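Novice: Pasting the sequence and the predicted coordinates here, then a few questions.
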Amino acid sequence: TELEAQKSAWTEIRTALLSLSGSLLSLRLSSTFNARTVTSSDQTVVYGTATASAAEGTYKITVTQLAQAHKIASNHQIEQINIGGTLSITVDGNARDIALEVGDTLAEIRDKINTGAGDIVTATIIDSRLVLTSKTTGEQGNITLGGSEGILEALGLEAPITLANAQNASFTVDGLQIVHSSNTVTDVIEGVTLNLVGLTEGSEEVTLEVARDTDTPVEAIQDFVEKYNSAMQLIAETLGKNSAGEKGDLFGDPTLARIQQQLRRLVFDPVSLSETEYTTAASIGLSTGSVSTALTFDRSGQLTLDTDKLTQALEEDPEGVYDLFASSEAEGIAVRLDEYLDTLTKASLGTSGSPGDGIISVKEKWLENSIEDIEEQIERWELRLELKEEQLRAQFTAMESVLATLQSQATWLALQVASLSGLNLTSGSGQS
């Protein structure tokens, strides 16, 4: 029906606007516009990541030693132990006591260690030998063992085999020698996490460059443009006529026309910013036409993004571009769009309207209630028709019964008349 088509159209529009609202979130985050990239000349030695607080710059790095965890193994093979007692394991000042019993198998011993000391070491089995690996890298992760008399001998750990020494990472940054207990380094270059994965050879240096990331904000704005265009295209098709001249389900609807106009205005109205030249959507490469020296106008309100112009703006004044979208005081593009979309799409539970419902949600619920009212009226009329049909059937049945009786009486009378006529004829013949 027409009402169902209208409700479906409003629901589709609300879904598109919710998708548009979702794309605004990243445009309101400073981290989107202040992101950093870290480029390594040799990622097999070192690579990194950076937060927005990292300063742009280039660093020369050498790595002469990687941090590693202490790893030891039993000095003989074990099936089970014939002595009970306590095994004490200490790593970086953290001690754990493991209770062992006579007859414990190697697998049971491994499981007891992983249960009781799994936060400081990992126990495994290699070639019927117990292997302990520290969970703390660097020299501070050295494993120290103790326990009841004879327990270390039973486990072959009184003089364990060293499979890997506890050692720190050793590297330089711009010639400064640094020792670190971990290969993940977060406290040397502010805002930068270094991941050491290999060694440099001889005089080799790895160049690590921290630069401003323009790809992230460009992708965020492209996503916004895509969602905006999708919503505006849907509104244009629903509000007007398609290429075949067929009217949309909300053809000429004044509410939808106002929404279309308001969305355009909120994108292209200037933002009152005093400390940047980027105060309009057009100033960063957003327009409603093709990217050229002479901009054309798209009647459906579709946006076009000049990524070269946007990238230049981001390189020159990333904070200004951020404020253009996210300034709360000046009501940036993303801020005012988000607030307006909330007034359109916000919805409460249930079919009855709520004071907090958005304009579109109110429309949907009104149409839904109207459809339900019409369906209820149809059901009532169908019931009345059924009752009327039953009444007419009963009347028709009664009428047929009366007609049958009358026909029977008429037949009887006809027979009586015929009988009397026969008697009169016989009587007349005798007199003559």
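Specialist: It's in.
Novice: Which residue ranges of the stretch 251-400 of the chain form helices?
Specialist: Ranges of helices in the stretch 251-400 of the chain, per DSSP state H, counting those that start in this stretch, are 254-268, 307-316, 318-326, 333-345, 359-431.
Novice: Would you mind giving the ones you listed as CSV with mean pLDDT added?
Specialist: Shown next, in CSV, are these (pLDDT from 0 to 100):
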stretch, mean pLDDT
helix 254-268, 92
helix 307-316, 93
helix 318-326, 95
helix 333-345, 93
helix 359-431, 74
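Novice: so which of the ones you listed gets nearest residue 50?
Specialist: Proximity to residue 50, assessed across these by CB to CB, is greatest for helix 318-326 (14.6 Å). C-beta coordinates here come from the backbone N, C-alpha and C atoms, glycine included.
Novice: Okay, now stretch 186-194: how far is its last residue from its first?
Specialist: 6 Å (CA to CA, to the nearest Å).
Novice: how about stretch 226-239: buried residues?
Specialist: Neighbour-count burial for stretch 226-239 flags 227, 228, 229, 231, 232, 234, 235, 236, 237, 238, 239 (criterion: 16 or more other CB atoms under 10 Å).
Novice: from the chain's centre, how far out does the helix or strand containing residue 221 sit?
Specialist: For residue 221, the host element (DSSP states H and E) is helix 215-239. Mean-position distance between helix 215-239 and its chain equals 18 Å (CA atoms, centre = their mean, to the nearest Å).
Novice: Now do it against helix 307-316, angle only.
Specialist: If you take axes from the mean of the first three to the mean of the last three CA atoms, to 10 degrees, helix 215-239 sits at 140 degrees to helix 307-316.
Novice: In terms of secondary structure, what does helix 215-239 contact?
Specialist: Packing partners of helix 215-239 (3 or more CB pairs under 8 Å, 6 or more residues apart in numbering; DSSP states H and E): helix 2-24, helix 30-33, helix 254-268, strand 304-305, helix 307-316.
Novice: Return the list of strands paired to the shortest one, each annotated with direction.
Specialist: Within its sheet, strand 304-305 is paired with strand 286-287 (antiparallel), according to DSSP bridges.
Novice: now the helices of the stretch 251-400 of the chain as TSV including mean neighbour count and distance to residue 288?
Specialist: Below are these laid out as TSV (neighbours: other CB atoms under 10 Å; distance: least, CB to CB, whole Å):
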stretch	mean neighbour count	distance to residue 288
helix 254-268	16	8
helix 307-316	16	15
helix 318-326	22	17
helix 333-345	20	14
helix 359-431	11	23
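Novice: Show me the one of those that comes nearest residue 201.
Specialist: Of all those, helix 307-316 sits nearest to residue 201, with 36.2 Å by CB to CB.
Novice: So what touches the closest one?
Specialist: 33, 212, 214, 217-218, 221-222, 278, 283-286, 320-321 (CB atoms under 8 Å, 6 or more residues apart in numbering).
Novice: repeat that with 6 Å
Specialist: Residues outside helix 307-316 that contact it (CB atoms under 6 Å, 6 or more residues apart in numbering) are 214, 217, 218, 278, 284, 285, 321.
Novice: give me the number of residues near residue 271?
Specialist: The tally of other residues near residue 271 (other CB atoms under 10 Å) stands at 20.
Novice: show me the contacts for it.
Specialist: Neighbour list for residue 271: 279, 324, 330, 332 [criterion: CB under 6 Å, 6+ apart].
Novice: Now the first one. Its backbone dihedrals?
Specialist: Spelled out, that is residue 279. phi -120, psi 0 (degrees, to the nearest 10).
Novice: Please determine how far it is located from residue 207.
Specialist: Going from residue 279 to residue 207 by CB to CB, to the nearest Å gives 38 Å.
Novice: Compare these two (neighbour count), which wins?
Specialist: residue 279 (19 against 13).
Novice: you'd agree that one is up against residue 273?
Specialist: Yes: Residue 279 is in contact with residue 273 according to CB atoms under 6 Å; the separation is 4.9 Å.
Novice: follow-up on the earlier one: looking at the helices and strands packed on helix 215-239, which is nearest to residue 363?
Specialist: Comparison of the helices and strands packed on helix 215-239 against residue 363 by CB to CB identifies helix 2-24 as nearest, at 5.0 Å.
Novice: got the angle between that closest one and helix 254-268?
Specialist: Going by the same axes, to 10 degrees, helix 2-24 makes 10 degrees with helix 254-268.
Novice: got JSON lines for the helices and strands packed on helix 215-239, with distance to residue 394 too?
Specialist: Shown next, in JSON lines, are the helices and strands packed on helix 215-239 (distance: least, CB to CB, whole Å):
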{"stretch": "helix 2-24", "distance to residue 394": "37"}
{"stretch": "helix 30-33", "distance to residue 394": "76"}
{"stretch": "helix 254-268", "distance to residue 394": "51"}
{"stretch": "strand 304-305", "distance to residue 394": "73"}
{"stretch": "helix 307-316", "distance to residue 394": "79"}
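Novice: Of all these, which one comes closest to residue 185?
Specialist: Among these, helix 30-33 comes nearest to residue 185, with 21.8 Å by CB to CB.
Novice: And residue 86, how close does it get to residue 177?
Specialist: In terms of CB to CB, residue 86 sits 42 Å off from residue 177.
Novice: go on, residue 45?
Specialist: From residue 45 across to residue 177, the span is 17 Å (CB to CB).
Novice: The two - which one has more neighbours?
Specialist: A side-by-side neighbour count of residue 45 and residue 177, using other CB under 10 Å, places residue 45 first with 23 against 10.
Novice: got a list of what that one touches?
Specialist: 63, 198, 200, 206.
Novice: what about burial for these, which qualify?
Specialist: Neighbour-count burial (16+ other CB under 10 Å) is assigned, among the contacts of residue 45, to 63, 200, 206.
Novice: Is it possible to get JSON lines of the helices of the stretch 251-400 of the chain that adds distance to residue 248?
Specialist: Listed next are the helices of the stretch 251-400 of the chain as JSON lines, based on distance: least, CB to CB, whole Å:
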{"stretch": "helix 254-268", "distance to residue 248": "9"}
{"stretch": "helix 307-316", "distance to residue 248": "32"}
{"stretch": "helix 318-326", "distance to residue 248": "31"}
{"stretch": "helix 333-345", "distance to residue 248": "18"}
{"stretch": "helix 359-431", "distance to residue 248": "15"}
